[in-house]
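> fold the following.
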Amino acid sequence: MQLFSDRLVASIRKAGNPCVVGLDPRIDQMPAFIKSGRGRPTKEVVRSIIRDFHELVLDSVTGLVPAVKPQLAFFEQYGSAGITAFEDTVQAAKERGLLVIADGKRNDIASTPRRPKPTPRHSSAKQTSWGTSRKCSTRIA
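Just a heads-up that it's a prediction; the model follows:
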């Protein structure tokens, strides 16, 4: 199997462009024609809005860029519907021959959704400059 870095270089050369397209789903900022007529925001509606919008974006950038970079935190803010939409987006990108660079970092810029606050069972969590640091303990029964 070829290394990802080698595949990326080959894709950059093929596209003639080193840029990647970020995919940060924000349903409130998507065009009205993507959202209209879908009814109340069920899990399937949320998933389909994100999927349909990203398919339009992917169709527009295929052949122009070597890769896309979905930001996981933006998908996660929509719960399981967002995770499924992430999977849909990855599959659709691969079907179009685009490489996928999953962006899993948090708290790097103001628009990146922050981690959830610790739950009561993690009450020993402390805040650090890098986010939430949790002390973990394991019980063996």
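> how close does the nearest residue to Gly104 once chain neighbours are set aside sit to Pro25?
The shortest distance from Gly104 to any non-neighbouring residue, by C-beta to C-beta, 6 or more residues apart in numbering, is to Leu72 (4.8 Å). In this view, the C-beta of every residue, glycine as well, is placed from N, C-alpha and C. Applying C-beta to C-beta, to the nearest Å, the value for Leu72 to Pro25 is 10 Å.
> those two: which has the busier surroundings?
Pro25 (22 against 18; other C-beta atoms under 10 Å).
> before we move on, the earlier item: contacts only, for the residue nearest to Gly104.
When contacts are counted by C-beta atoms under 8 Å, 6 or more residues apart in numbering, Leu72 is found next to 86, 102-104.
> just the buried ones from the residues you listed?
Buried members of the contacts of Leu72, counted by 16 or more other C-beta atoms under 10 Å: 86, 103.
> okay, the contacts of Leu72 in CSV with secondary structure and distance to Gln2 next?
Formatted as CSV, these follow (DSSP: H, G, I helix; E, B strand; the rest coil; distance: C-beta to C-beta, whole Å):
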residue, secondary structure, distance to Gln2
Phe86, helix, 24
Ala102, coil, 19
Asp103, strand, 22
Gly104, coil, 23
